[in-house]
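Build me a model from this:
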Amino acid sequence: MLQEGQKAPDFALENSRGERVSLGDFTGKRVVVYFYPKDDTPGCTTEACSFRDHYNDILEKGAVVLGISPDSVASHQRFQSKFELPFHLLSDPKHETAEAYGAWGEKRMYGKTHMGILRSTFVIDRDGTILKVFPKVKPDEHGSEILEVLSQA
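Residues are numbered from 1 along each chain as shown. Below you'll find the predicted structure:
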């Protein structure tokens, strides 16, 4: 997993409208990139809604939010619409961006191991440097944790 102080890798992924969005599109802004396993599942919905509920405050701190999962553009569109998510959800079906950030790895569930998204968040400063890493995110109130980091930086 990438560490604080490292340069954040650029990426270009499709959002829920099928538009290409890259990290470079937000040069000069702080960017919150969060990786989550699956649209419309309990933990992922809790996390996304926490970002939604804090989104205006995050914008006031000069930051934007980008959610990334392997789900399809169509899945993101349904998820975004259902929960009125005001930020970009990006489709990473080959998990190349997740791998570049170290957010793809071995997971255990019910005694079985498989590869998947490691729920994690990266706060990226205006110059593209990683300011803060949350390697193991608890979805409840993650938006307020991010707001606290943005307030201190």
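
Does P9 belong to a helix, a strand or coil?
Secondary structure, DSSP: H, G, I helix; E, B strand; the rest coil: P9 is coil.

what do you get for V149?
At V149, secondary structure determined by three-state DSSP is helix.

Which residues are in contact with it?
For V149, the contact set (Cβ atoms under 8 Å, 6 or more residues apart in numbering) comprises 123, 131-132. C-beta: built from backbone N, CA, C; applies to glycine.

ranges for the strands of this structure?
Taking DSSP state E, the strands of the chain run over residues 12-14, 20-22, 30-35, 63-69, 88-91, 104-109, 112-117, 120-124, 130-134.

Those: lowest mean pLDDT?
In terms of average pLDDT, strand 104-109 trails the rest of the strands of the chain, at a mean of 90.

neighbouring contacts of that strand?
95, 98, 113-118.

in the residues you listed, which two residues are the furthest apart from each other?
Spanning the widest gap among those are A98 and T113, at 17.1 Å by Cβ to Cβ.

Compare these two (neighbour count), which wins?
A98 (21 against 9; other Cβ atoms under 10 Å).

The closest residue to that one other than its chain neighbours and A153: what is the separation?
Nearest residue to A98, sequence neighbours excluded (Cβ to Cβ, 6 or more residues apart in numbering): W104, at 4.0 Å. Remark: distance between W104 and A153 (Cβ to Cβ, to the nearest Å) = 27 Å.
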